[in-house]
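Visitor: sequence and predicted structure, then a few things I'm wondering about:
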Amino acid sequence: MPPESVSLPAAAAVAKPTDAAERTKARARAVRKRALLVNSARLVVLALFLGLWEWFSRAGIIDAFNFSMPSQVWDQIRTWVMHGTAQGSLAEQIWTTLQEALYGWVIGVAAGVLLGIALGRVRFLADVFGPYVKILNAMPRIVLAPIFLIWFGLGPASKVASAVVLVFFPVFFNAFQGAREVDRNLVANARILGASNRQVTFQVVIPSATSWIFTSLHVSFGFALIGAIVGEYIGATKGLGLMVSTAQGTFNSAGVYAAMVILAVVALIAEGLLTFLEKRLFRWKPADSGAR
């Protein structure tokens, strides 16, 4: 056999991994390029919005007293950072609200997951408690905040309770749906292998429902912040909600917007942490190929 007849297949075998590596690098470059483009577009949109807002206020197109302007909002945030607020340091207010939201989020998530899985697994419980859950879900839960204030006072407990009722329902319904959507073949195979109801629940149902549960966590933490803020707005001694209420009471529109900006930053950081945790836990999931 001539030597060149052996070298051609060998060259092809070497070329295939090289081509695959080049395609992988090209995809990585395309992903980085798109991320840069998206982030740049976001910054442009934000800059245009803030610039137009500032210009409209200075030109008198909108009332600066009611709508304030970005420069005044920035000055208010800087004043709070350097000199504190009327209720204490800014860090203390942020931590108070964040702590209330975290407590409410943890309790609401735990209750929602436990009851959602339980009702999703046990049909009798779903039939008995289903109508009550639907009735409670139909109630405007924000109006419960004054009731919690009467029950628990001005302390953190009333804010935590407000956060719990807002967090519970989205987590409950996702956990319930996740338990109902488990592949029946997996459950049947587990039972054939001798798994008990407890083993099926913990080794098949809960892992299968985890994706559903994590989907609700992103939304539910925002609800926890809303519950804490609303509770503080109605009555509190510390927190971002009290800062909003105080700024509104003194017609300080810049203070209202500044507190909203701080709250948005806290929510974005929490969302980033949840996204990072989800990616770490679900590294086996394929990336969304439908994004363009």
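Guide: In hand now; what should we look at?
Visitor: all helices of this protein, in order?
Guide: Here the chain has its helices, by DSSP state H, at 3-59, 64-67, 70-83, 90-121, 123-138, 144-152, 156-180, 184-192, 197-200, 206-234, 240-249, 253-281.
Visitor: between the fourth one and helix 206-234, how big is the angle?
Guide: Between the axes of helix 90-121 and helix 206-234, defined by axes from the mean of the first three to the mean of the last three Cα atoms, to 10 degrees, the angle is 140 degrees.
Visitor: find the centremost residue of this protein, please.
Guide: For the chain, His218 is the residue whose C-alpha lies nearest the centre (Cα atoms, centre = their mean; 2.6 Å).
Visitor: quick check: that residue vs Arg27, distance?
Guide: Using Cβ to Cβ, to the nearest Å, His218 is found at 26 Å from Arg27. For the C-beta atoms, the positions are set from N, CA and C on the backbone; glycine is no exception.
Visitor: do the same with Asn137
Guide: Taking Cβ to Cβ, one finds Asn137 at 43 Å from Arg27.
Visitor: quick one: which of the two has more around it?
Guide: The neighbour comparison of Asn137 against Arg27 (other Cβ atoms under 10 Å) goes to Asn137, with 13 against 10.
Visitor: and the helices of the chain, which is most packed in?
Guide: Comparing these on average neighbours per residue, with mean count of other Cβ atoms under 10 Å, the densest one is helix 156-180 at a mean of 24.
Visitor: helices or strands up against that one?
Guide: When contacts are defined as 3 or more Cβ pairs under 8 Å, 6 or more residues apart in numbering; DSSP states H and E, helix 156-180 packs onto helix 90-121, helix 123-138, helix 144-152, helix 206-234.
Visitor: got the angle between that helix and helix 206-234?
Guide: Angle, helix 156-180 to helix 206-234, by the same axes, to 10 degrees: 150 degrees.
Visitor: between helix 156-180 and helix 144-152, how big is the angle?
Guide: Using the same axes, to 10 degrees, the inter-axis angle of helix 156-180 relative to helix 144-152 is 120 degrees.
Visitor: quick check: which ranges of the stretch 51-200 of the chain have low pLDDT?
Guide: 181-200 (pLDDT under 70).
Visitor: kindly export stretch 33-41 (C-alpha atoms) in CSV.
Guide: Taking Å, rounded to 0.1, in the frame of the first residue of the first chain, the C-alpha atoms of stretch 33-41 are listed here in CSV:
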residue,chain,number,x,y,z
LYS,A,33,-20.3,39.6,20.8
ARG,A,34,-24.0,39.3,21.3
ALA,A,35,-23.6,39.9,25.1
LEU,A,36,-21.6,43.0,24.4
LEU,A,37,-24.1,44.3,21.9
VAL,A,38,-27.0,43.7,24.3
ASN,A,39,-25.3,45.3,27.2
SER,A,40,-24.3,48.3,25.1
ALA,A,41,-27.9,48.7,23.9
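Visitor: averaged pLDDT, that stretch. What do you get?
Guide: Average pLDDT, stretch 33-41: 90.
Visitor: quick one: residues contacting Phe124.
Guide: Contact analysis of Phe124 by Cβ atoms under 8 Å, 6 or more residues apart in numbering lists nothing.
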